[in-house]
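A.B. asks: From the sequence below, what's the structure:
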Amino acid sequence: MHSYRTLDDVTVEYFAQHPEEIESYLNERFAEYAVDGDAAALLAALRVIARVKGISSLAEAIGMTRQGLQKALLAKGNPRLDTINAIMRAMGYQLLPHRIENSAV
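C.D. replies: Residues are numbered from 1 along each chain as shown. You can find the predicted model right below:
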């Protein structure tokens, strides 16, 4: 019987071996979210990096249970902004505004 790995498993392994690429990956995912509003894709990316960084240690750092953090990062999860901010800070990042070029407003 074959043991197959999921795409998430492969991605987690890749970023564990190439942590210098995490920032670019997160920047791309947030930029895509800003355009298409696909929250499930953004949460999937955060879930992958949370696994790389260690779900239990991240949960402890932000004062959540491991299960609470996993639930927040599910595709159908709906975490509050302060939860996303706490997750990002625990991973060593911050949310910053980025001006949209050629914005009419």
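A.B. asks: okay, which residue is most central for the chain?
C.D. replies: Leu46 (1.1 Å; Cα atoms, centre = their mean).
A.B. asks: Now do the same contact list for Asp8.
C.D. replies: 44, 47-48, 51 (Cβ atoms under 8 Å, 6 or more residues apart in numbering). Placement of C-beta: from N, CA and C, glycine included.
A.B. asks: picking that back up, the residue nearest to the centre of the chain against Ala86, yeah?
C.D. replies: No - counting by Cβ atoms under 8 Å, Leu46 stays clear of Ala86, with 11.5 Å between them.
A.B. asks: Just want to check the distance between the residue nearest to the centre of the chain and Gly63.
C.D. replies: Look at Leu46 and Gly63: by Cβ to Cβ, to the nearest Å, they are 17 Å apart.
A.B. asks: if we can go back for a sec, let me see the confidence value for the residue nearest to the centre of the chain.
C.D. replies: Looking at Leu46, its pLDDT stands at 96.
A.B. asks: what about the helices in the protein?
C.D. replies: 7-17, 22-36, 39-53, 55-62, 66-72, 81-90 (DSSP state H).
A.B. asks: Make TSV from the ones you listed and add distance to Ile100 to it.
C.D. replies: Listed next are the helices of the chain as TSV, based on distance: least, Cβ to Cβ, whole Å:
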stretch	distance to Ile100
helix 7-17	28
helix 22-36	8
helix 39-53	17
helix 55-62	29
helix 66-72	27
helix 81-90	19
